[in-house]
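A.B. asks: Sequence first, then the predicted structure:
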Amino acid sequence: MRYDLPDELTVEEDGPVRTVVINRPEELNAVNAALHWALANVWRQIAADPEARVVILTGAGRAFSAGGDLDWITSFLDDPVARDESIREGAQIIEEMLRFPLPVIAAVNGPAVGLGCSVAVLCDMVLMSETAHLADPHVAVGLVAGDGGAAFWPLLTPILRSREYLYTGDRIPAATALELGLATRVTSPGDLLPQARKLAERIAAQPRQAVQGTKRVVNMHLTQALAGPLQAGFAAEVVTMQSAEHRERLLAVRDGAARRSARG
């Protein structure tokens, strides 16, 4: 099947398994406008693929996704139209993943940060390399963690534990993510994709209708529980996007990243 997607997100076909690759390796798979659009629109395209049974989601290179591209996010400071479109599209990503009928296995090969973290834990199963980590640094740059973390993590892990990581933006190592319930299993880096493929093939061999019906019922719990928190979270995130503190912190992060890049 031909997929209508930008180069930033590719779909590899192998029998009934579709491997979706976040494909900006030189930028640690940071999410720019094209990739954000692709993450919102890939799921309906795969759902329309009659041969697809299971999806693996992973990142090219050494990261799963380092979160939002700093140049793209910084442009929102003075472009409210682009900012609001990103919020609408962010909600679409979450809605489409919750509605998507096929099982999705995240193969988290490296850092999964911000939106990258949200996309990973929205998958049905989360396999992590032992060298990978999760993080939601929204608060650290003056934003409400509205696009997944604050709304979604408390459904997967104890609220008391998730608060510390959401309030600080600290990294969650793979072993800790497993302990907290944010990961299904941890593997060595070399075993990550082979284990993901083995699991995908095993699920693909199960009766299609039974698998999809089971996922639909499970996700009803998530959809109902997330309805209020997601709406409130996105609204609160928009407010903080317009704050002076967010502008100051985001520009400091971008300038620091630029200096590190210049030093090589």
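C.D. replies: Yep, it's here.
A.B. asks: roughly how far apart are R62 and L28?
C.D. replies: Note on R62: its distance to L28, by Cβ to Cβ, to the nearest Å, is 7 Å. The way it works is simple: take the backbone N, C-alpha and C, and place the C-beta from them, glycine included.
A.B. asks: Looking at these two, which is more packed in?
C.D. replies: L28 (21 against 15; other Cβ atoms under 10 Å).
A.B. asks: Verify the stated contact: that one with P111.
C.D. replies: Yes: counting by Cβ atoms under 8 Å, L28 does reach P111; the two are 6.9 Å apart.
A.B. asks: overlap in contacts of the two?
C.D. replies: Counting by Cβ atoms under 8 Å, 6 or more residues apart in numbering, the residues touching both L28 and P111 are A63, S65, A66.
A.B. asks: and of those, the nearest to A175?
C.D. replies: Relative to A175, the closest of the shared contacts of L28 and P111 is A63; by Cβ to Cβ it sits at 18.7 Å.
A.B. asks: I'd like the distance between the closest residue in space to E26 that isn't next to it in sequence and V21.
C.D. replies: Nearest-residue entry for E26: G61, 7.6 Å, with adjacent residues in sequence omitted and distances by Cβ to Cβ, 6 or more residues apart in numbering. As for G61, its distance to V21 is 10 Å (criterion: Cβ to Cβ).
A.B. asks: can you check E201 too?
C.D. replies: For E201, the distance to V21 equals 18 Å [Cβ to Cβ].
A.B. asks: Looking at these two, which has the bigger crowd around it?
C.D. replies: V21 (18 against 15).
A.B. asks: What values do phi and psi take at the more buried one?
C.D. replies: phi -110, psi 120 (degrees, to the nearest 10).
A.B. asks: can you check R83 too?
C.D. replies: The phi/psi pair for R83 (degrees, to the nearest 10) is phi -60, psi -50.
A.B. asks: Next one: it relative to T74, how far apart?
C.D. replies: Counting by Cβ to Cβ, the gap from R83 to T74 is 11 Å.
A.B. asks: for I105, same thing?
C.D. replies: 33 Å.
A.B. asks: just N32 next, same as before
C.D. replies: 12 Å.
A.B. asks: Then A120?
C.D. replies: To T74, A120 is 24 Å away according to Cβ to Cβ.
A.B. asks: low-scoring stretches of the stretch 151-264 of the chain, by residue?
C.D. replies: For the stretch 151-264 of the chain, applying pLDDT under 70 flags the ranges 264.
A.B. asks: quick one, strands of it?
C.D. replies: 172-173, 185-187 (DSSP state E, counting those that start in this stretch).
A.B. asks: what comes into contact with the last one?
C.D. replies: The one in question is strand 185-187. L127, M128, S129, E130, A174, A175, A177, L178, Q195.
A.B. asks: ok, back up a step: dump the strands of the stretch 151-264 of the chain into JSON lines; add mean neighbour count and distance to P137 as well.
C.D. replies: Formatted as JSON lines, the strands of the stretch 151-264 of the chain follow (neighbours: other Cβ atoms under 10 Å; distance: least, Cβ to Cβ, whole Å):
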{"stretch": "strand 172-173", "mean neighbour count": "21", "distance to P137": "11"}
{"stretch": "strand 185-187", "mean neighbour count": "19", "distance to P137": "22"}
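A.B. asks: what about those, which gets the closest to P154?
C.D. replies: Of all the strands of the stretch 151-264 of the chain, strand 172-173 comes closest under Cβ to Cβ, at 14.4 Å.
A.B. asks: F64 against A112, yeah?
C.D. replies: Yes: using Cβ under 8 Å, F64 is in contact with A112, at 4.1 Å.
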